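Engineer: here is my input, please return the structure:
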Amino acid sequence: MSAAFKFCPQCATALQPITLMEDGGAKERLRCPACGWTHWNNPTPVLAAVVQYQDRILLARNAAWPAKMYALITGFMEAGETPQEGIRREVKEETNLDALEVNLIGVYDFQRMNQVIIAYHVPAEGEVKLSPELVDWRLYEYGQVKCWPAGTGYALADWLRTKGYDPEFVEWSRRAE
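Structural biologist: Model prediction:
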């Protein structure tokens, strides 16, 4: 159950875990016993880009991450945009690069964060200028980049396989996630 909602946004009554019959059977959700409002707690769509820049893979480091942790460019979809528009926007906002193409790699679950990741291959050009949320970036040769055992790491591995590479995964403790 999500801890984000404790009170009903309609009537301010404390939410309670209540089980009701739904299309798929009995389901416990946080519900308002006064007005019936339900916190659905559905996964959030997150966009991710395997940015291909200067014939290499661009990975970036978020300011809040450990020094050796680099990952794909990611971000949330905005209301009123398609996933393809959203990933173009995220790549531009976070790296200043212009997407030449946007090609779907796949969709990946990231249950630990209650997210669904929609991953794209994005060849890009321009001059890299990072947004304030990113502090560093690196370019990796296709055969040298190591994937990580989480949603975006699986997306990178799937894309590398399409290029003929057998991806190598890093060992990753739960603390490093």
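Engineer: check which helix or strand covers the most centrally placed residue in the chain.
Structural biologist: Ranked by distance to the mean C-alpha position of the chain (CA atoms, centre = their mean), the top residue is residue 46 at 4.0 Å. Element membership of residue 46, judged by DSSP states H and E, is strand 44-53.
Engineer: could you chop the protein up by domain?
Structural biologist: Per automatic domain parsing, the structural domains of the chain span 1-41, 44-176.
Engineer: now those domains in JSON lines, with mean pLDDT?
Structural biologist: Listed next are the domains of the chain as JSON lines, based on pLDDT from 0 to 100:
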{"stretch": "domain 1-41", "mean pLDDT": "89"}
{"stretch": "domain 44-176", "mean pLDDT": "94"}
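Engineer: measure the residue nearest to the centre of the chain to residue 119 for me?
Structural biologist: Using CB to CB, to the nearest Å, residue 46 is found at 9 Å from residue 119. The C-beta positions use only the backbone N, C-alpha and C, and glycine is treated the same way.
Engineer: using the three-state scheme, assign the residue of the chain positioned farthest from its centre.
Structural biologist: The outermost residue of the chain relative to its centre, with distances by CA atoms, centre = their mean, is residue 34 at 35.4 Å. Following DSSP: H, G, I helix; E, B strand; the rest coil, the label given to residue 34 is coil.
Engineer: contacting residues for it?
Structural biologist: 8, 11, 13 (CB atoms under 8 Å, 6 or more residues apart in numbering).
Engineer: go again with 10 Å.
Structural biologist: Residues near residue 34 by CB atoms under 10 Å, 6 or more residues apart in numbering: 8, 10, 11, 12, 13, 14, 15.
Engineer: residue 38 now?
Structural biologist: 5, 8, 15, 18, 20, 22, 27, 29, 30, 31, 32.
Engineer: switch to 8 Å and redo it
Structural biologist: 29, 30, 31, 32.
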